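# all I have is the shape, not the residue letters:
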């Protein structure tokens with residue numbers, strides 16, 4: 001009898017957590033839908049959750065970001081570009097993509113939405129990762145040669161969004177962003193890593209935290225690294 005009650009309350013707790021998660025996603029989806037207005041922003045199975053996208057937009061506006069870099073272009077790219085235009089923030093936004101056809105698709109979408117002045121795309125194919133940027137059994141990352149050339153004019157990034165490369169490209173595929181950009185970041189930089197519900201990404205964010213000394217904040221499927229005293233700007237309540 002006691003075991004049956006334990007099982008019941010465990011399932012009840014799980015159902016409540018799932019309901020809360022779905023409510024947050026619905027809230028975020030409604031906010032994004034209202035923001036997009038007449039523009040259609042395509043989503044794929046690879047897209048971030050609405051909750052994550054809304055959190056990123058909050059960070060950009062409330063921190064007043066001036067330089068943003070994103071690894072892995074997609075729906076988030078379009079939302080950010082639209083937000084920058086709407087707010088007139090004068091922010092430099094760079095999006096790094098390894099798939100040339102997907103990059104062309106997004107460039108067409110950006111043009112259709114008249115956002116060409118809001119985002120710069122960088123094509124950087126996946127190549128063997130230099131040892132100094134590798135972690136554990138990681139084999140590849142974006143071409144560091146192409147990135148070094150393209151990012152010469154950038155001294156500092158306020159927000160670094162890591163949603164690529166795709167996880168199955170190599171073990172610990174997203175690790176290299178931190179060692180590669182550590183010289184272009186400081187304690188005021190916010191780091192966003194998607195898919196930290198997966199073991200490899202969870203290991204990556206923990207390693208980044210250890211190296212940076214920044215505070216780690218874990219959410220349902222993503223994590224942030226930021227300075228301990230940074231103001232909490234999450235766009236929804238967790239409790």
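Structure received. Note that this is a predicted model, so its numbers are computed, not measured.
# tell me the contacts of residue 159?
56, 59, 60, 63, 65, 67, 68, 69, 189, 190, 192 (Cβ atoms under 8 Å, 6 or more residues apart in numbering). Placement of C-beta: from N, CA and C, glycine included.
# so which of the residues you listed belong to strands?
67, 68, 69, 190, 192 (DSSP state E).
# looking at the residues you listed, spot the one nearest residue 115.
residue 68 (14.0 Å; Cβ to Cβ).
# the closest one contacts residue 154, correct?
No: contact criterion Cβ atoms under 8 Å: residue 68 and residue 154 do not qualify, at 10.2 Å.
# give me the common contacts of those two.
92, 94.
# show me where this structure has its strands.
67-71, 92-97, 120-123, 126-128, 140-142, 159-162, 190-194, 215-218, 222-226.
# for the first one, give the mean pLDDT please.
Pointing back at strand 67-71 there. For strand 67-71, mean pLDDT is 98.
# can you list the strands that that strand pairs with?
strand 92-97 (parallel), strand 159-162 (parallel) (DSSP bridges).
# what does that strand contact?
By Cβ under 8 Å, 6+ apart, strand 67-71 touches 60, 76-77, 80, 91-96, 142, 151, 154, 156-165, 174, 177, 181.
# what residues does residue 81 make contact with?
Contact partners of residue 81, counting by Cβ under 8 Å, 6+ apart, are 93, 110, 113, 115, 118, 119.
# how about these, which pair is most distant?
That would be 93 and 113, which, of the contacts of residue 81, are the farthest apart (Cβ to Cβ) at 13.8 Å.
# settle it for me: which of those two has more neighbours?
residue 93 (24 against 18; other Cβ atoms under 10 Å).
# got the confidence number for that one?
98.
# is it true that it touches residue 120?
Yes: counting by Cβ under 8 Å, residue 93 touches residue 120, with 7.0 Å between them.
# and the ones in strands among the contacts of residue 159, which is closest to residue 131?
Of the ones in strands among the contacts of residue 159, the one sitting nearest to residue 131 (Cβ to Cβ) turns out to be residue 69, at 22.8 Å.
# that closest one bridge partners, please.
residue 94, residue 160.
# picking up where we left off before, now the contacts of strand 67-71: which count as buried?
Buried residues within those, counting neighbours by 16 or more other Cβ atoms under 10 Å: 60, 76-77, 80, 91-96, 142, 151, 157-165, 174, 177, 181.
# which ones are touching residue 116?
Residue 116 neighbours (Cβ under 8 Å, 6+ apart): residue 110.
# quickly note the distance from it to residue 48.
Using Cβ to Cβ, to the nearest Å, one obtains 23 Å as the distance from residue 116 to residue 48.
# what are the buried residues along stretch 142-151?
Applying 16+ other Cβ under 10 Å to stretch 142-151 flags 142, 143, 144, 147, 150, 151 as buried.
# per-residue pLDDT, the fifth one?
By that I understand residue 150. At residue 150, pLDDT is 98.
# shouldn't it be in contact with residue 122?
Yes: contact criterion Cβ under 8 Å: residue 150 and residue 122 qualify, at 4.7 Å.
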